[in-house]
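[1] With the sequence up front, the predicted model follows.
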Amino acid sequence: MQQISFSDSLKILILGLGWTGQFLQDLFVEQNIAYAATTRDGRNGTIPWSLTASPDVSPLPWANTVLITFPVLSADTMHQLIEKYTAEKGPTNWIILSSTRVYSADPSNRHTPLDPSKDNGRLPAEYEVIKNNGTVLHLSGLWGAQRQPKNWVGRFNKPEALKGKILTRQLHLVHGKDVARAILAVHQNFKSGERWIITDRTAYDWLKLFLVWGSQEQLDIINELRKNDPECGKAIGSHGTLKDIVEKGGVKPRLDSDEFWDTFGLEPKVFLDVV
Ligand SMILES: NC(=O)c1ccc[n+]([C@@H]2O[C@H](COP(=O)([O-])OP(=O)(O)OC[C@H]3O[C@@H](n4cnc5c(N)ncnc54)[C@H](OP(=O)(O)O)[C@@H]3O)[C@@H](O)[C@H]2O)c1
């Protein structure tokens, strides 16, 4: 039988050092945690590696935890990746990042049944990770560094798009620094076969974002919708200015990530200032 030998010095292997990776790198350097990372083109000293239908794990080192940051759209590919890595490098703890799309119920916590109609092809591979005692982290809207919610507001300039935001109002976010802390906590206190929702435990109000960062044209459309669209009228209410309505508050989180933060003994630290 082939002998597998692996060093136990490498703690985390990041498959896909993208946007989340920059926050992980900062945290790992600060905490002196040995890690390795891949990108598809091998830039900045990363290991060049791509996941293909028949995964080649030979360029990858062994690490205690392997974090997959990108969507894997095939259960078979995921199965092969885990099987080959385990056979050639050794057993490890798998973590895969995902989105909160499949938690469509209001409210939702990590135990709420998933909504497969909202899946964009990630679920089968995630089930494979869980079957292999891994962890799926369902992240809410990611912000930080080059991703600033202030810059997202301008995208919603048509009545239909604005209506969607007015009817829901809640915006769930988590900052990259807190995502990195959350991933490190999962690595350090690994629990088999779990899904966790990760938000910053709050919900921001889209109406406030439009009020503070939107254009006059967007506010005019919102006021038009409020007057002429019964659904919007009902959602916003007919009394007071938009500012009065925002100040009244009442936007509650739909996604509940309390169990994640409580279980790992952490608190989110970075919150968005809408000013
Ligand atoms: N944007 C949001 O608000 C949001 C919200 C919730 C969850 N998420 C999810 O959170 C996760 C992390 O997001 P992110 O913004 O950090 O992702 P990202 O910046 O796109 O980084 C993904 C990384 O994976 C690599 N990659 C992609 N496909 C690959 C493949 N087939 N083989 C090997 N490497 C591959 C990319 O390589 P290259 O660097 O070479 O391109 C990149 O380094 C994603 O799964 C995303 O869907 C995003």
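    It's in. Residues are numbered from 1 along each chain as shown.
[2] So which residues on the protein come close to the ligand?
    For the chain, the residues in contact with the ligand (CB under 6 Å from any ligand atom) are 16-20, 39-41, 49-51, 69-71, 97, 99, 139, 141-142. For the C-beta atoms, the positions are set from N, CA and C on the backbone; glycine is no exception.
[3] are any of the residues you listed buried, and which?
    16-17, 19-20, 39, 49, 51, 69, 97, 99, 139, 141-142 (16 or more other CB atoms under 10 Å).
[4] Between these, which sits nearest the ligand?
    When those are compared for distance to the ligand (CB to the nearest ligand atom), residue 16 wins out at 2.3 Å.
[5] Spatially, which residue comes closest to that closest one, not counting chain neighbours?
    Excluding the flanking residues, the one nearest residue 16 by CB to CB, 6 or more residues apart in numbering is residue 69, at 3.9 Å.
[6] Could you verify my assumption that that neighbour touches residue 13?
    No. Judged on CB atoms under 8 Å, residue 69 makes no contact with residue 13 at a distance of 11.0 Å.
[7] Where does residue 102 fall, secondary structure wise?
    According to DSSP states H and E, residue 102 maps onto no helix or strand at all.
[8] Report the contact partners of it.
    114, 115, 116, 118, 119, 123, 138 (CB atoms under 8 Å, 6 or more residues apart in numbering).
[9] What distance do you get for it to the ligand?
    Computed with CB to the nearest ligand atom, to the nearest Å, the distance linking residue 102 and the ligand is 11 Å.
[10] export the helix or strand residue 182 falls within as CSV, just CAs?
    In the assignment (DSSP H and E), residue 182 maps to helix 176-188. Coordinates of each C-alpha in helix 176-188 appear next as CSV, following Å, rounded to 0.1, in the frame of the first residue of the first chain:
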residue,chain,number,x,y,z
GLY,A,176,-14.8,40.4,4.5
LYS,A,177,-12.9,40.8,7.8
ASP,A,178,-15.7,39.0,9.7
VAL,A,179,-15.9,36.3,7.0
ALA,A,180,-12.2,35.7,7.5
ARG,A,181,-12.7,35.5,11.3
ALA,A,182,-15.6,33.1,10.8
ILE,A,183,-13.6,30.8,8.5
LEU,A,184,-10.7,30.7,10.9
ALA,A,185,-13.1,29.9,13.8
VAL,A,186,-14.6,27.0,11.8
HIS,A,187,-11.1,25.7,11.0
GLN,A,188,-10.1,25.9,14.7
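[11] got a list of contacts for that helix?
    11-12, 19-20, 22-24, 26-28, 31, 33, 64-65, 67, 93, 95, 135, 137, 139, 142-145, 147, 174, 196, 198, 200, 260, 264-266, 268-270.
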